[in-house]
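**Student:** Just a sequence and a predicted model for now, questions to come.
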Amino acid sequence: MTQGMTAEAPQLGTTSSLTSALLAWYDRHQRRLPWRLPPEALRQGRRPDPYRVWLSEVMLQQTTIGAVKPYFEKFLAQWPTVAALAAAETDDVMKAWAGLGYYSRARNLKKCAEEVATRHGGVFPDTEAGLRALPGIGDYTAAAVAAIAFGRPAAVVDGNVERVVTRLAAIETPLPGAKAQIKKIVQAMVPEARPGDFAQAMMDLGATICTPRRPSCILCPMSYRCTARALGAQERFPIKAEKAEKPLRLGAAFIAVRPDGAVLLRRRPETGLLGGMTEVPTSAWTARQDGADDVTAAPFPAAWQSCGVVRHVFTHFALHLSIYRAAVEGPAPSGHWWSARDTLFQEALPTVMKKAIEAAIPGASKARRAKIR
């Protein structure tokens with residue numbers, strides 16, 4: 001027990017009253033999101049669309065709701081069903097995903113849609129085990145889809161839920177070591193009647209009330225049983241293990257610009273970091289080794305001019321990318337193509353490549369924002 005904590009702190013004990021209080025709060029305060037059915041539709045007996053639930057959950061992993069909404073709506077407009085997504089060109093899916101990060105998820109998204117369409121007749125499996133057997137669906141996504149779309153009593157635990165539970169029970173074990181304990185508590189709280197609403201209520205509570213800083217405990221429906229609040233230690237939880245410092249990698253990117261404004265691009269290998277995505281020519285940097293960061297790594301001779309350094313942080317390393325620009329004429333080299341200025345940001349460019357282009361071409365960021373809108 002941490003110094004300052006007392007034996008008088010309340011214990012969770014039975015969780016049924018906590019669950020009831022949370023669901024009553026959710027009925028009044030749930031967020032309206034494009035992938036959720038509104039309360040009136042649920043009252044009429046409609047069920048959430050598994051395709052929408054799955055798509056939103058994959059998109060929301062390590063990405064904010066505000067960032068996901070336009071991507072979700074764009075995906076639905078292009079591919080309104082899992083069968084439509086399965087039939088899409090992989091390159092089109094990658095282009096639509098650009099900016100959401102973790103491009104392996106986009107590839108798995110396509111593979112999963114294809115398997116649902118071909119092996120399951122366009123119908124998602126309705127159990128956690130069945131969902132986990134699909135490409136790209138792990139424990140969290142399987143639990144979320146099973147609970148929200150199919151009413152299965154699955155324990156859905158994301159970052160918001162981890163924060164709520166570690167505060168409720170004042171869990172001293174640092175994350176990620178506490179994950180099993182958290183899931184056990186959540187499983188005990190899941191109601192048989194409304195598991196999907198419970199999962200979304202926990203997420204909403206963490207996102208809007210039980211926030212990382214200055215949680216609004218006075219508005220929380222479960223604060224009367226919250227151990228951390230009783231101890232005055234809300235912001236201390238969750239406790240996280242110290243992170244190792246990310247290694248720094250170096251590299252160079254080369255932005256070749258044609259007189260009409262077109263930019264030279266190529267495709268990255270299908271496997272590895274940013275696999276299958278589009279890029280400007282770069283030196284041979286990876287997550288494990290530096291690449292050359294000067295013009296010796298240029299793809300061909302030209303009057304390359306330095307445009308500064310772009311800094312980008314990946315999950316496991318940071319990258320400092322030296323940017324060079326040159327005016328170039330003529331046909332594209334083998335394996336490359338020229339992308340017109342007005343459609344450049346419709347390519348499947350990861351964020352780091354967009355940064356590189358913006359550093360070399362004044363006004364490119366303005367064009368990028370116009371495309372997003």
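**Tutor:** Looks like it came in fine.
**Student:** Near Glu235, how many residues? Count them for me, please.
**Tutor:** Neighbour count for Glu235, taken as other CB atoms under 10 Å: 12. For every residue, glycine as well, the C-beta is placed using N, CA and C.
**Student:** Quick check: chain neighbours aside, which residue is closest to it?
**Tutor:** Arg213 (6.5 Å; CB to CB, 6 or more residues apart in numbering).
**Student:** quick one: the one you found from Gln234, how far?
**Tutor:** 10 Å (CB to CB, to the nearest Å).
**Student:** Compare these two and say which is more crowded by neighbours.
**Tutor:** Gln234 (22 against 6).
**Student:** my read: that one touches Thr227, true?
**Tutor:** No - the pair Gln234 and Thr227 does not pass the contact test of CB atoms under 8 Å, sitting 9.9 Å apart.
**Student:** any residues in contact with both of the two?
**Tutor:** Overlap of the contact sets of Gln234 and Thr227 (by CB atoms under 8 Å, 6 or more residues apart in numbering) consists of Arg167.
**Student:** Just the CA trace of stretch 187-196, in PDB.
**Tutor:** C-alpha atoms of stretch 187-196 as PDB (Å, rounded to 0.1, in the frame of the first residue of the first chain):
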ATOM      1  CA  GLN A 187     -15.500  -9.400 -16.900                       C
ATOM      2  CA  ALA A 188     -17.100  -9.500 -13.400                       C
ATOM      3  CA  MET A 189     -18.900  -6.200 -14.200                       C
ATOM      4  CA  VAL A 190     -20.200  -7.200 -17.700                       C
ATOM      5  CA  PRO A 191     -24.000  -7.600 -17.600                       C
ATOM      6  CA  GLU A 192     -25.700 -10.400 -19.500                       C
ATOM      7  CA  ALA A 193     -28.500  -8.100 -20.800                       C
ATOM      8  CA  ARG A 194     -26.500  -5.100 -22.200                       C
ATOM      9  CA  PRO A 195     -22.800  -6.100 -22.700                       C
ATOM     10  CA  GLY A 196     -22.400  -3.800 -25.700                       C
END
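**Student:** Now do the buried residues in it.
**Tutor:** If you call a residue buried by 16 or more other CB atoms under 10 Å, then stretch 187-196 has these buried ones: Met189, Val190, Arg194, Pro195, Gly196.
**Student:** Just give me the closest of those to Ala241.
**Tutor:** Met189 (25.2 Å; CB to CB).
**Student:** what separates that closest one from Asp49, distance-wise?
**Tutor:** 26 Å.
**Student:** From the buried residues of stretch 187-196, pick the one nearest Tyr102.
**Tutor:** Tyr102 lies nearest to Gly196 out of the buried residues of stretch 187-196, by CB to CB, at 25.1 Å.
**Student:** Pro153 versus the residue nearest to Glu235, what's the distance?
**Tutor:** 32 Å.
**Student:** just Val68 next, same as before
**Tutor:** With CB to CB as the criterion, Val68 and Pro153 are 26 Å apart.
**Student:** These two: which is more packed in?
**Tutor:** Val68 (21 against 18).
**Student:** name the element that one belongs to?
**Tutor:** helix 65-78 (DSSP states H and E).
**Student:** tell me what that helix is packed against?
**Tutor:** Judged by 3 or more CB pairs under 8 Å, 6 or more residues apart in numbering; DSSP states H and E, the packing partners of helix 65-78 are helix 50-60, helix 90-97.
**Student:** so which of those gets nearest Val116?
**Tutor:** So among these, helix 50-60 is nearest, using CB to CB, at 8.4 Å.
**Student:** Could you export the closest one as PDB, CA atoms only?
**Tutor:** The C-alpha trace of helix 50-60 is given here as PDB (Å, rounded to 0.1, in the frame of the first residue of the first chain):
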ATOM      1  CA  PRO A  50     -20.900  -5.600 -37.300                       C
ATOM      2  CA  TYR A  51     -19.100  -4.200 -40.400                       C
ATOM      3  CA  ARG A  52     -19.400  -0.600 -39.000                       C
ATOM      4  CA  VAL A  53     -18.400  -1.800 -35.500                       C
ATOM      5  CA  TRP A  54     -15.400  -3.700 -36.800                       C
ATOM      6  CA  LEU A  55     -14.200  -0.900 -39.100                       C
ATOM      7  CA  SER A  56     -14.500   1.800 -36.400                       C
ATOM      8  CA  GLU A  57     -12.600  -0.300 -33.800                       C
ATOM      9  CA  VAL A  58      -9.700  -1.000 -36.200                       C
ATOM     10  CA  MET A  59      -9.500   2.700 -37.100                       C
ATOM     11  CA  LEU A  60      -9.700   3.800 -33.500                       C
END
